[in-house]
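Asks: Following is a predicted model, sequence given first.
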Amino acid sequence: MTTHPTLSEIDSYAAGDSGQDEATVWSIEVHLESCADCRARLAGSTTSASRALIAEVAAAVDSEIAAGPVPTTGSRFRTPVRQRWFVAAMLPWVAMTAAVLGTATLLTRLLPELPSIVLLLAPLAPLPGVAAAWSRRVDPAWELIAGTPSTGLTMLLRRTAVVLVLVIPVLAVSASFGPSRANPALMLLPCLAFTAATLLLGSVIGVHRAAIGLMAAWTAVVVAPSLATAELPALLEPAATGGWAILTAVLVALTSLRAGSFRRLTSY
């Protein structure tokens, strides 16, 4: 249950009371970030001196803007097209994915008794790139982009689409060089389903953590047992394509319902 600051605490904070300790001030500021009601109370607690200071700062900012260069029409607060669709930090992860799939293809040819390693890894192929697509840790311009109107699920979907465009051809080439041609649907549908699952779970715990968690779970539950038994699981048999298609559609629909959560993710 959320504990709100008392009215006296908010009044003291608004007045700049030096008697409030640092921990109290910090807790009030953190609470104000997520509580509109307390922000409204704070607005009503301002003094004439604080309002005069705010007016003075606003006038100074207006004068500096007026004296500065005129912004280009339509460019203010917009994210460049390249940054809306692409971030260079995705490339190393896509390159790593290509190297892993190439190694998996080679191992499958050298060890024909094993099931298709490429098919086993196909659901995970886009996840490293997706994790890097919208991450504070790998995007040097994240702070700037996160504050623009074009951020959120739309930008994440654009960058995810770029990852898929780069990864899916690599999957297709890896499959074509395998000892037996895999069913394309059994590579594409799990790939799309895990991508959608990463976005959906990422709206709760962050895309980076979601990608790592799904990769670890799939490796432990499916990849390792399949290599140990030298048999493909039922999840990657032709009869499972319909289930993957339904699962992908459901995950996409649920992700769209969580669109508002991507403007402020809990982890990156």
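Replies: Sure thing, it's come through.
Asks: quick one: low-confidence parts of this protein?
Replies: Across the chain, the stretches falling below the confidence threshold (pLDDT under 70) are 1-2, 46-47, 50-51, 68-89, 134-152, 178-182, 260-268.
Asks: Show me the residue at the heart of it, geometrically.
Replies: V207 (3.8 Å; CA atoms, centre = their mean).
Asks: A196 is in contact with that one, correct?
Replies: No: at 11.9 Å, V207 and A196 do not qualify as touching, with contact defined as CB atoms under 8 Å. (C-beta placed from N, C-alpha, C; glycine too.)
Asks: Quick one: the helices in the stretch 151-268 of the chain, in order.
Replies: Listed in chain order, the helices found in the stretch 151-268 of the chain under DSSP state H, counting those that start in this stretch are 153-176, 184-205, 207-218, 224-229, 241-257.
Asks: Return the most buried member of those helices.
Replies: For these, the stretch with the most neighbours on average is helix 184-205, a mean of 21; neighbours defined as mean count of other CB atoms under 10 Å.
Asks: same for that helix, what does it pack against?
Replies: Using 3 or more CB pairs under 8 Å, 6 or more residues apart in numbering; DSSP states H and E, the elements in contact with helix 184-205 are helix 117-121, helix 127-133, helix 153-176, helix 207-218, helix 241-257.
Asks: okay, the helices of the stretch 151-268 of the chain in JSON lines with distance to L235 next?
Replies: Putting the helices of the stretch 151-268 of the chain into JSON lines (distance: least, CB to CB, whole Å) gives the following:
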{"stretch": "helix 153-176", "distance to L235": "17"}
{"stretch": "helix 184-205", "distance to L235": "8"}
{"stretch": "helix 207-218", "distance to L235": "10"}
{"stretch": "helix 224-229", "distance to L235": "10"}
{"stretch": "helix 241-257", "distance to L235": "8"}
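Asks: among those, which is nearest P5?
Replies: helix 184-205 (27.6 Å; CB to CB).
Asks: burial of A240, as a residue count?
Replies: A240 has 18 neighbours, counted by other CB atoms under 10 Å.
Asks: ok, it to A58 distance?
Replies: Distance of A240 to A58, computed by CB to CB, to the nearest Å: 61 Å.
Asks: Kindly report the same for A234.
Replies: Distance from A234 to A58, by CB to CB: 65 Å.
Asks: which residues does the residue nearest to V100 when sequence neighbours are not counted contact?
Replies: Nearest in space to V100, with sequence neighbours left out and distances taken as CB to CB, 6 or more residues apart in numbering, is L121 at 6.8 Å. Residues near L121 by CB atoms under 8 Å, 6 or more residues apart in numbering: V100, L101, A104, V223.
Asks: now do P169
Replies: Applying CB under 8 Å, 6+ apart, one finds that P169 lies in contact with no residue.
Asks: From D17, how far off is it?
Replies: For P169 relative to D17 (CB to CB), the value is 63 Å.
Asks: got it, and T229?
Replies: Relative to D17, T229 is positioned 69 Å away (criterion: CB to CB).
Asks: ditto for P128
Replies: The value you get for P128 to D17, if CB to CB is used, is 50 Å.
Asks: So for these two, which sits in the more crowded spot?
Replies: Neighbour tally, P128 and D17, criterion other CB under 10 Å: the higher count belongs to P128, 22 against 13.
Asks: show me the contacts for that one.
Replies: Contacts here follow CB under 8 Å, 6+ apart; on that basis P128 touches W93, V94, M96, T97, A211, M215.
Asks: Per the annotation, how does this structure divide into domains?
Replies: Structural domains of the chain, as assigned by automatic domain parsing, span the residue ranges 7-67, 81-263.
Asks: gap between the shortest one and the chain center?
Replies: By that I understand domain 7-67. Put simply, domain 7-67 sits 32 Å off its chain's centre (CA atoms, centre = their mean, to the nearest Å).
Asks: Can you check the distance spanned by that domain, start to finish?
Replies: 41 Å (CA to CA, to the nearest Å).
Asks: all numbers from here: first residue = 40
Replies: From this message on, residue numbering opens at 40, which makes the last subject domain 46-106.
Asks: Now do the helices in the stretch 40-189 of the chain.
Replies: In the stretch 40-189 of the chain, helices defined by DSSP H, counting those that start in this stretch lie at 46-54, 61-73, 75-83, 87-106, 120-124, 129-149, 156-160, 166-172, 181-185, listed in chain order.
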